[in-house]
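K.L.:
This is the structure alone, sequence omitted:
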């Protein structure tokens, strides 16, 4: 799952897993999390488990994630 966040809704700093740089508060970016449990494509995550797997990415890092090592 991918959700775009506007700068106004981003209130704290995060570390981007794509570039390992800080995403500063107020910076538009994307939040990602798995739609299904890793051990089963049939069993959806519950809300609390999905929150544990959320990652905040710079939008450009997310778009270029397949081209990185």
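P.N.:
All right, it came through fine. Treat the numbers as computed from the prediction; the structure is a model and nothing was measured.

K.L.:
which secondary structure element contains residue 62?
P.N.:
Element membership for residue 62 (DSSP states H and E) is helix 59-63.

K.L.:
Now do that helix: distance to the chain's middle.
P.N.:
10 Å (Cα atoms, centre = their mean, to the nearest Å).

K.L.:
go on, stretch 55-65?
P.N.:
8 Å.

K.L.:
So what touches that stretch?
P.N.:
Residues outside stretch 55-65 that contact it (Cβ atoms under 8 Å, 6 or more residues apart in numbering) are 2, 4-5, 14-19, 21, 23, 27-33, 68. From N, CA and C alone the C-beta is placed, and that goes for glycine too.

K.L.:
Just the buried ones from those?
P.N.:
Taking 16 or more other Cβ atoms under 10 Å as the criterion, what is buried in the contacts of stretch 55-65 is 5, 14, 16, 18, 23, 27, 29-32.

K.L.:
and after the one helix or strand in the chain whose mean pLDDT sits lowest, which helix or strand comes next?
P.N.:
Counting by mean pLDDT, DSSP states H and E, the weakest-scoring helix or strand in the chain turns out to be helix 47-52, with a mean of 64. Following helix 47-52 in sequence order, the next helix or strand is strand 55-57 (DSSP H and E).

K.L.:
If we go by neighbour counts, what in that next one is buried?
P.N.:
Buried residues in strand 55-57 (16+ other Cβ under 10 Å): 56-57.

K.L.:
Number of residues surrounding the residue nearest to residue 28 when sequence neighbours are not counted?
P.N.:
Distance criterion Cβ to Cβ, 6 or more residues apart in numbering; nearest residue to residue 28, sequence neighbours excluded, is residue 7 at 4.8 Å. As a burial measure, residue 7 scores 12 neighbours (other Cβ atoms under 10 Å).

K.L.:
these two touch, right, residue 7 and residue 26?
P.N.:
Yes: between residue 7 and residue 26 there is a contact at 4.6 Å, judged by Cβ atoms under 8 Å.
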